[in-house]
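Asker: Dropping a prediction and its sequence here:
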Amino acid sequence: MTMTPFGLFGIEGLLPEEERDIRDTVRRFCDERIRPYIAEWFAAGDLPARELALELGKLGVLGMHLQGYGCAGTSALAYGLACHELEAADSGIRSLVSVQGSLAMYAIHAYGSEEQKREWLPRMATGEAIGCFGLTEPDYGSDPGGMRTRAKRDGDDWVLNGSKTWITNGAVADVAVVWAHTDDKIRGFLVPAGTPGFSTRGVGEKMSLRASVTSELVLEDVRLPADAMLPGARGLSGPLGCLNEARFGIVFGALGAARDCLETALSYAADRTIFGKPLAAYQLTQAKLADMCLELGKGMLLAIQLGRLKDSGTLRPEQVSLGKLNNVREAIAIARECRTILAANGITLEYPVIRHANNLEAVLTYEGTSEVHSLVIGHALTGEPAFR
Ligand code: TGC
Ligand code: FAD
């Protein structure tokens, strides 16, 4: 009899029934709607984002942890487990959902006016409207406070100028949440697609997150009415507050990619005969598998703990950094180690391993690089901010 990595850790017993049901539903969706096509989308460097958004809306995962306005209102743990399953299929699919729910919808939910919430959230929950989140600029990624995008008052209107880059869902979005300096700190603006002066273009050819739309946003004298500004966010804490949400999803998500790699490696090692016996029967292989199982399980225990803290309303940004740093770092190490078990076959798209490994390169960088999260943890431990 064999055991699964999570089985060895007794993870299942830590999950309430409702959360397990949601997880299983998302897993079935991925098995039917994502896994059969994902290698093709990755190879093509594209995905049918509109069609998928509608299906993901029907599944109920868009903004699932938000309350009201057509959102499912699930626990944070359920949201984390959904991210885990989505990313076990592909990081690009989890990205689509993270940006929609945790960045664009969350920004409107947390900081928007009642009118903004009513206008956008129900349509975003069903996937009829797609959102993106424009914080990063070509010269300001880790240090978003330096952004050059400006919003100036002209009568009652706002006029925005600047550019954003590396924006997930950018070219397919119906609404962009754009962060800009004003005379009164950094503020967020809702920029509907088609607004004169607002355009998008693709970033260069990516070798990671290929099944994900990544765009530049260009804002040239974009005129918006006064009520386009999110009234509840003032200062960098606005966008950073949204990042906490999306980073939380990644804590669970990255381990989904790692789990898929480890399951693939376990099955491959059992089937592959080398020097007359299964690859799984060699001590060197078992040492690799045991180490990966340990990191996967420990990462999941950390994720579940952070989920519990979030559901109790006490989760701190530094704690999210612990999870993002550890779980993405371990996930990419697991993906690379699994690739060695599959050897030459491991570099093909016939297996998911190299796709996950490549995707995790972007996941290691976005939502705060590993270095940024190390510094956040260092700040928490020492009281000394070492960012600059
Ligand atoms: P600092 O002076 O420390 O803080 C400025 C203000 O923000 C507050 N704050 C936070 N608030 C909420 N949550 C957090 N995590 C916060 N961290 C800080 C802070 O209290 C302060 O508030 P106030 O009221 O005093 O003004 O800011 P800093 O300029 O020194 O920067 C700190 C640093 C480096 C940690 C921050 O800038 C950072 O996190 N940088 C990384 C940027 C990043 O993660 N970008 C992600 C862009 S979105 C994305 O990547 C989407 S990919 C999604 C996908 O496809 O899945
Ligand atoms: P830089 O900030 O230039 O960092 C370069 C290196 O310097 C890194 O190793 C970094 O860790 C290190 N470094 C930075 N600061 C310090 C320091 N203080 N001390 C020591 N080392 C440091 N952004 C959005 O706003 N919205 C999106 O939807 C979005 N989606 C993305 C999708 C993809 C596929 C990718 C790759 C990125 C996406 N991003 C998005 C941008 C992402 O958040 C940034 O790439 C990330 O924040 C890092 O910024 P940067 O690439 O400019 O790197």
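Answerer: On my side now, so go ahead. These figures come from a predicted structure and were not determined experimentally. Ligands and ions are numbered 1, 2, ... in the order given.
Asker: thought residue 11 was touching residue 304?
Answerer: Yes. Contact criterion Cβ atoms under 8 Å: residue 11 and residue 304 qualify, at 7.5 Å. For the C-beta atoms, the positions are set from N, CA and C on the backbone; glycine is no exception.
Asker: which SS class is the closest residue to residue 100 other than its chain neighbours?
Answerer: Among residues not flanking residue 100 along the chain, residue 62 sits closest, at 5.2 Å (Cβ to Cβ, 6 or more residues apart in numbering). When classified by DSSP: H, G, I helix; E, B strand; the rest coil, residue 62 comes out as coil.
Asker: right, and residue 62 touches residue 127 too?
Answerer: Yes. The pair residue 62 / residue 127 is scored as a contact, 5.7 Å apart, by Cβ under 8 Å.
Asker: Which one of those two is surrounded by more residues?
Answerer: residue 62 (28 against 23; other Cβ atoms under 10 Å).
Asker: hmm, back to that, name all residues that make contact with the residue nearest to residue 100.
Answerer: Residues in contact with residue 62, defined by Cβ atoms under 8 Å, 6 or more residues apart in numbering, are 53, 56, 71, 97, 100, 101, 105, 124, 125, 126, 127.
Asker: Quick check: it vs residue 263, distance?
Answerer: As judged by Cβ to Cβ, to the nearest Å, residue 62 and residue 263 stand 27 Å apart.
Asker: if I pick the residue of the chain found nearest ligand 2, what's in contact with it?
Answerer: Residue nearest to ligand 2 within the chain: residue 141 (2.0 Å; Cβ to the nearest ligand atom). Applying Cβ under 8 Å, 6+ apart to residue 141 gives the contacts residue 166.
Asker: Next: residue 228.
Answerer: Residues near residue 228 by Cβ under 8 Å, 6+ apart: 158, 189, 190, 191.
Asker: Surely the third one is in a helix?
Answerer: No. Judged by three-state DSSP, residue 190 forms no part of a helix; its state is strand.
Asker: Look at it and report its pLDDT.
Answerer: In this prediction, residue 190 carries a pLDDT score of 98.
Asker: hang on, it packs against residue 177?
Answerer: Yes. With contacts counted by Cβ under 8 Å, residue 190 reaches residue 177, the gap being 6.4 Å.
Asker: more crowded one of these two?
Answerer: residue 177 (30 against 23).
Asker: Just grab the bridge partners of that one for me.
Answerer: Residue 177 has the following beta-bridge partners by DSSP bridges: residue 133, residue 190.
Asker: At the contact with ligand 1, which residues of this structure appear?
Answerer: Residues of the chain found near ligand 1 (Cβ under 6 Å from any ligand atom) are 95, 98-99, 133, 135-136, 142, 144-145, 168, 235-237, 240-241, 243-244, 246, 317, 366-368, 372, 376, 387.
Asker: Now list the buried members of the residues you listed.
Answerer: 95, 98-99, 133, 135-136, 144, 168, 240-241, 243-244, 246, 317, 366-368, 372, 376 (16 or more other Cβ atoms under 10 Å).
Asker: just checking: which of those also lie near ligand 2?
Answerer: Okay, of those touching ligand 2 (Cβ under 6 Å from any ligand atom), that's 99, 133, 135, 136, 168, 366, 372.
Asker: Just those residues: which are in helices?
Answerer: residue 372 (DSSP state H).
Asker: right, and residue 351 touches residue 341 too?
Answerer: No. Taking Cβ under 8 Å as the definition, residue 351 is not a contact partner of residue 341, at 10.3 Å.
Asker: higher neighbour count, those two?
Answerer: Between residue 351 and residue 341, counted using other Cβ under 10 Å, the more crowded position is residue 341 (24 against 21).
Asker: Looking at the ones next to ligand 2 among the buried ones among the residues of the chain next to ligand 1, which are in strands?
Answerer: 133, 168 (DSSP state E).
Asker: do stretch 249-261 and ligand 2 meet?
Answerer: No. Using Cβ under 6 Å from any ligand atom, stretch 249-261 never reaches ligand 2; the gap is at least 11.4 Å.
Asker: what's the offset of that stretch from the middle of its chain?
Answerer: Centroid displacement of stretch 249-261 relative to its chain, using Cα atoms, centre = their mean, to the nearest Å, is 10 Å.
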